[in-house]
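Student: kindly generate the corresponding structure for this input.
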Amino acid sequence: MAVVLNHGSRNRNRNRRISLRHSSDLKKKRTISGKPVSNTTTTLSLRQEFHTCSRGFLRFKLWVRASVLLKKKAARHHPSLDHCSNHHNDSQAQLVEDDDDCSNHHNDSQAQLVEDDDGRIHELSSTDGVGIKKNSLFLKKLVEEFSPEPFLPLKEEEVAQVKTAFSETNRMKIMVSHNKSRIEICGEALQCLMPTQLLNDEVINLYLELLKERETSYPQKYSFVKCHFFNTFFYVKLVRGSGYNYEAVRRWTSQKRLGYDLIDCDMIFVPIHNRVHWSLAVINNKERKFMYLDSLNAAVPHPTILNALAKYLVDEVKDKNGYKMDITSWDMEYVKELPQQQNWFDCGMFMLKYIDFYSRGLSLQFSQKHMPYFRLRTAKEILNLRAD
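Tutor: From the prediction side, this is the model:
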């Protein structure tokens, strides 16, 4: 009997020690208010802290992505072609192998990069606590600046089509004929789009016709920039002889011929050819300025070109619209921050891409390394008589 009592006493003492220890632990688990915290409450608190940190990290991650995209936009560098990737077709690799700045194109990897860019824009457009609304001006600008359309990769059959057109067997053959402009391109003329070749008038003028047709054929995509594209002979005729002759080009822009008034256009593009170098002049009606773009920017710009175009605009409005236009407040801008050529033969391609991107309403988001691709794409578009 005594043994049983002693054993019960030991159990009571042990239970008392456990109770005191548990009480001591609870005293340690007290909040600032002095109330005890249960194990369940502690677990919930840890979960809340974890989720708070996670949300903060996600906000920071999305903010960093937005910052990177804006920096890329400022550098005018299109992310879908950070690295000129390889095309499957070996023939295309052969066409671009002479350019050291660009490796061979690859359809799948390039297409994946374009999809990644679309994913970034879509992710930023979600209202997931970043504070960016879906229809905000910020997002509209991102979509505009990072449009993948100017960089869509060529298909294998398109590359094969261009290679065939470049072959010597088609040198004297008429490869394409444009009825409206009556421009015909033979294989020899088209070969100016091969690497290291200087662009000729026929190819440039036909491509400008295709840009004009693109605007009228797809108004839902290009109606926000109304453009006029003069061919390579306009400026030559305008300044021939005494240095300025409006009568030589007066009939080029009649209402019957164009179907619209030149003054109603947002931008008027004028190709300039100086011996062996192509540059671009722009009458920017929308922003009320005359612009000159040179892919070399090496020499000090001479005001003769823009002065002639300023005089032409005044004479054109007086002749077609019957009043004297005041352009005294217009600026003359010699654009310095623009993509530059790194060789002696790509000036014509740069000029065409200045026009192409401006007519899309895009900033000039390309560089020298994109020129081999642009040459192939331009050849493909000419052969199909359609600018994409």
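
Student: which stretches in the protein count as strands?
Tutor: According to DSSP state E, the chain carries its strands in the segments 174-178, 183-186, 227-229, 267-274, 277-284, 289-293, 331-335.

Student: columns mean pLDDT on top of those, output as CSV?
Tutor: Shown next, in CSV, are these (pLDDT from 0 to 100):
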stretch, mean pLDDT
strand 174-178, 98
strand 183-186, 98
strand 227-229, 97
strand 267-274, 97
strand 277-284, 97
strand 289-293, 98
strand 331-335, 96
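
Student: show me where the stretch 201-350 of the chain has helices.
Tutor: For the stretch 201-350 of the chain, the helices defined by DSSP state H, counting those that start in this stretch cover 201-217, 219-222, 234-239, 255-258, 304-321, 347-360.

Student: on contacts alone, who are the packing partners of the last one?
Tutor: Meaning helix 347-360. helix 201-217, strand 227-229, strand 267-274, strand 277-284, helix 371-384 (3 or more CB pairs under 8 Å, 6 or more residues apart in numbering; DSSP states H and E). Where you see a C-beta, it was placed from the backbone N, CA and C, and this is true even at glycine.

Student: tell me, how many residues neighbour the closest residue to residue 244 other than its chain neighbours?
Tutor: Spatial nearest neighbour of residue 244, chain neighbours left out: residue 308 (5.7 Å); criterion: CB to CB, 6 or more residues apart in numbering. Neighbour count for residue 308, taken as other CB atoms under 10 Å: 20.

Student: OK, contacts around residue 308?
Tutor: Shown in contact with residue 308 (CB atoms under 8 Å, 6 or more residues apart in numbering): 235, 238, 239, 243, 244.

Student: do I have it right that residue 336 meets residue 296?
Tutor: No: counting by CB atoms under 8 Å, residue 336 sits too far from residue 296 to count as a contact (11.7 Å).

Student: the two: who's more crowded?
Tutor: residue 296 (13 against 10).

Student: circling back: in TSV: the contacts of residue 308, plus neighbour count.
Tutor: Formatted as TSV, the contacts of residue 308 follow (neighbours: other CB atoms under 10 Å):
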residue	neighbour count
235	20
238	21
239	18
243	10
244	15
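
Student: looking at those, which is nearest residue 362?
Tutor: residue 235 (24.6 Å; CB to CB).

Student: so what's the residue nearest to residue 331 when sequence neighbours are not counted up against?
Tutor: With sequence-adjacent residues excluded and distances taken as CB to CB, 6+ apart, residue 331 is closest to residue 289, at 4.0 Å. Residue 289 sits next to 330, 331, 332, 333 when contact means CB under 8 Å, 6+ apart.

Student: can you rerun that using 10 Å?
Tutor: 282, 283, 306, 327, 329, 330, 331, 332, 333 (CB atoms under 10 Å, 6 or more residues apart in numbering).

Student: same check, this time on residue 255
Tutor: Residue 255 sits next to 261, 262, 320 when contact means CB under 10 Å, 6+ apart.

Student: and it, how far is that from residue 213?
Tutor: 19 Å (CB to CB, to the nearest Å).

Student: check residue 220 too.
Tutor: Residue 220 is 15 Å from residue 213, by CB to CB.

Student: what do you get for residue 284?
Tutor: Counting by CB to CB, the gap from residue 284 to residue 213 is 22 Å.

Student: in a markdown table: the contacts of residue 255, plus distance to residue 203 and neighbour count.
Tutor: Below are these laid out as a markdown table (distance: CB to CB, whole Å; neighbours: other CB atoms under 10 Å):
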| residue | distance to residue 203 | neighbour count |
| --- | --- | --- |
| 261 | 29 | 15 |
| 262 | 25 | 20 |
| 320 | 30 | 15 |
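
Student: looking at residue 220 and residue 213, which is more packed in?
Tutor: Between residue 220 and residue 213, residue 213 has the larger neighbour count (other CB under 10 Å), namely 16 against 6.

Student: now that one. Nearest residue, chain neighbours left out?
Tutor: In space, and not counting its chain neighbours, residue 213 is closest to residue 387: 7.2 Å by CB to CB, 6+ apart.

Student: residues near that neighbour, how many?
Tutor: Number of residues near residue 387 (other CB under 10 Å) recorded here: 22.

Student: wait, it touches residue 216, no?
Tutor: No: between residue 387 and residue 216 there is no contact under CB atoms under 10 Å: 11.5 Å.

Student: show the pLDDT at residue 219.
Tutor: On pLDDT, residue 219 comes in at 74.

Student: got a list of what it touches?
Tutor: Residues in contact with residue 219 (CB under 10 Å, 6+ apart) are residue 226.

Student: give me the buried positions along stretch 275-290.
Tutor: Within stretch 275-290, the residues scored as buried using 16 or more other CB atoms under 10 Å are 277, 278, 279, 280, 281, 282, 283, 284, 285, 289, 290.
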